[in-house]
Structures are given as C-alpha cells and as structure tokens.
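# Okay, sequence plus prediction incoming.
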Amino acid sequence: MNKLPDEKELKALVAMAKELETQIKEQSEIARKLAIDCEETINKEPEQQKTQKKPSES
C-alpha cells in the first residue's frame, strides 16, 4: 500500500507546482504576444500590397 507523503515531500511538491504555474504563465504571455504580433503582421500585409504597385502597373 502507498504511504502518504511526509511534510518535506509535500513542501517540495508545492514548490514544484508553483514553479510550473510560473512557467505556464510566462509561456502563456509569450504566446499571447506572438499571437498579437502575427495578427498585426497579417493585417499589415494587405495594406502593403495595396500601396505597392506591381512593375507591370507603372
């Protein structure tokens, strides 16, 4: 039968969980910023294509 973790093990698990939570928050923020950058880039591309004339049009 499995024994229950002692206080030291529980504290270590809590510390690991907090570290993982911090990493997930950081990665989520990075992903959010990348998504915003991608969206801005996608929105800029059609504007740039409209303002740039093709060589055959000049």
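Happy to help now that I have it. Values in this document were obtained by computation on a predicted structure and should not be read as measured data.
# For the chain, which segments count as strands?
In the chain, no strands are found when defined by DSSP state E.
# where's Ala31 relative to Ile24, distance?
In this view, Ala31 and Ile24 are 10 Å apart by C-beta to C-beta, to the nearest Å. Where C-beta positions appear, they are placed from N, C-alpha and C, glycine not excepted.
# for Ile36, same thing?
Ile36 is 19 Å from Ile24, by C-beta to C-beta.
# where does the protein dip in pLDDT?
Counting by pLDDT under 70, the chain has low-confidence residues at 1, 53-58.
# where along it do the helices fall?
For the chain, the helices defined by DSSP state H occupy 7-51.
# So which residue is smack in the middle of it?
Nearest to the mean C-alpha position of the chain, by C-alpha atoms, centre = their mean, lies Ala31 at 1.7 Å.
# Around Leu13, how many other residues sit close by?
For Leu13, the count of nearby residues is 11 (other C-beta atoms under 10 Å).
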